[in-house]
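Peer 1: fold the following.
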Amino acid sequence: MSDWDGFAVTPSDVLDAGDTAVARGHYSGKCKENGRDVRAQFAHIFSFRDGKIVKFQQCTDTAQFARAVAE
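Peer 2: Numbering: from 1, shown residues only. Below is the predicted model of the structure:
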């Protein structure tokens, strides 16, 4: 996160699906190199077994990050 000012992960809701949970929200921050802002939606998918996280997957709009860091 050293490349970003004010980088934040802001969940808006968490959906319970038994052994799976999905958190939805936004990543946000400003690229230190050029001052461009990013605000990209995300979904974090957690799989649980015996009360512990056994798998994590994240989905986000990576094109927003690519545009923010482009020269």
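Peer 1: so where do the helices sit in this protein?
Peer 2: Assigned by DSSP state H, the chain shows helices spanning 62-69.
Peer 1: can you show me the strands along it?
Peer 2: 4-17, 20-31, 37-49, 52-60 (DSSP state E).
Peer 1: for the nearest residue to V14 once chain neighbours are set aside, report the pLDDT, please.
Peer 2: In space, and not counting its chain neighbours, V14 is closest to A23: 4.8 Å by C-beta to C-beta, 6 or more residues apart in numbering. Where C-beta positions appear, they are placed from N, C-alpha and C, glycine not excepted. You'll see A23 listed with a pLDDT of 97.
Peer 1: next up, the contacts around A23.
Peer 2: Residues in contact with A23 (C-beta atoms under 8 Å, 6 or more residues apart in numbering) are 11, 13-15, 42-44, 46.
Peer 1: are any of those buried, and which?
Peer 2: The neighbour count (16 or more other C-beta atoms under 10 Å) marks 42, 44, 46 as buried among the contacts of A23.
Peer 1: out of the residues you listed, the closest to A68 would be?
Peer 2: Lowest distance from A68 to these (C-beta to C-beta) belongs to F42, with 14.7 Å.
Peer 1: gap between that closest one and G51?
Peer 2: Separation of F42 from G51 (C-beta to C-beta, to the nearest Å): 24 Å.
Peer 1: and the residue nearest to V14, what are its bridge partners?
Peer 2: Note on A23: beta-bridge partners V14, H44, judged by DSSP bridges.
Peer 1: tell me the spacing between it and N34.
Peer 2: According to C-beta to C-beta, A23 stands 29 Å off from N34.
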